[in-house]
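Chemist: Sequence and predicted structure are below.
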Amino acid sequence: MGNLVGRTPPSGGTERYKIILAYHGAAFSGMQRQARHRSVQAVLEEALRALGWAGRAVLFAGRTDAGVHASGQVAAFDLQWRHSSESLLKALNTQLPADVAVQAVEQVGAQFHPRYDARKRTYRYRLYCQPQRDPLREGLAWRVWPAPRLRRLQAAARHLRGEHDFVAFGPAPQPGGHTVRTVHAARWQQAADDEFIFEVTANAFLYHMVRRMVGLQVKAGQGLIEPEVVHAALRSQQRVRQLAPAHGLTLVHVEY
């Protein structure tokens, strides 16, 4: 988030707006603006400029990697807008491409920051289990075969809960940053005969942290390793090699 502005209050009659943003990550090289690749930030800022926004950068609750989706990403910006929040929502969605949509808009205090004020973030990872590809599900779920066992997935997830040094699951977002995180909830459920969903809530996440969690747990679910290996990884602090694909992951909620 190094190129995003900080807690500068709005000026010149502007107000700060908080929006809930949904996007399909397949055609994006990530959330953060990049020089040569399409990003969620750049697309949103282009839509805002069409509405008269002249800011430097939109603030976000957190980065998502290339290919990762969101249904509850939070962004904030300062804008001089003389109409209702509902009309701003409609105006933005008129300007945005089909793979991005604003779900809600509200006016907030001038000091609100979607990243620094966030208390918890929740991600959801989806699997489906079939020996052959299913083109209708492939873009939003990871195809896993053979199918894992729910009991083993749940046993692995229990080791992730609580405050730990998660350096084995990813580096800090900023160089030199600490890697201790608190996982408030980590659970698996079977959504259908061949679908499993992992949902994890933490105060913050490391780079690729959820994808490494899923990759290791799926191996445990398939019986290739024991669920206790998750605890051993936390204790050893050696980087987990298993990395689940990005397209099964969605940022679903940010709590303030």
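Modeler: The structure has been received and is ready for your questions.
Chemist: Where does pLDDT dip in this protein?
Modeler: Residue ranges of the chain with pLDDT under 70: 1-12.
Chemist: so what are the domain limits for it?
Modeler: Taking automatic domain parsing as the reference, the chain has its domains at 15-108, 120-255.
Chemist: got a markdown table for those domains, with distance to residue 114 and mean neighbour count too?
Modeler: Where C-beta positions appear, they are placed from N, C-alpha and C, glycine not excepted. Shown next, in a markdown table, are those (distance: least, C-beta to C-beta, whole Å; neighbours: other C-beta atoms under 10 Å):
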| stretch | distance to residue 114 | mean neighbour count |
| --- | --- | --- |
| domain 15-108 | 4 | 18 |
| domain 120-255 | 7 | 18 |
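Chemist: Please identify the helix or strand for residue 241.
Modeler: With elements delineated by DSSP states H and E, residue 241 resides in a region that no helix or strand encompasses.
Chemist: Is the nearest residue to it once chain neighbours are set aside part of a helix or strand, or is it coil?
Modeler: Distances taken as C-beta to C-beta, 6 or more residues apart in numbering put residue 215 closest to residue 241, at 8.0 Å, once the chain neighbours are dropped. State at residue 215, reduced to three classes by DSSP: H, G, I helix; E, B strand; the rest coil: helix.
Chemist: Pull up the gap between residue 215 and residue 14, please.
Modeler: When C-beta to C-beta, to the nearest Å is applied, the distance between residue 215 and residue 14 equals 44 Å.
Chemist: Just want the phi and psi numbers for residue 247.
Modeler: Taking degrees, to the nearest 10, you get phi -70, psi -10 for the backbone angles of residue 247.
Chemist: show me the contacts for it.
Modeler: With contacts taken as C-beta atoms under 8 Å, 6 or more residues apart in numbering, residue 247 has the following neighbours: 25-26, 67-69, 138-142.
Chemist: was I right about residue 165 contacting residue 182?
Modeler: No: counting by C-beta atoms under 8 Å, residue 165 stays clear of residue 182, with 11.1 Å between them.
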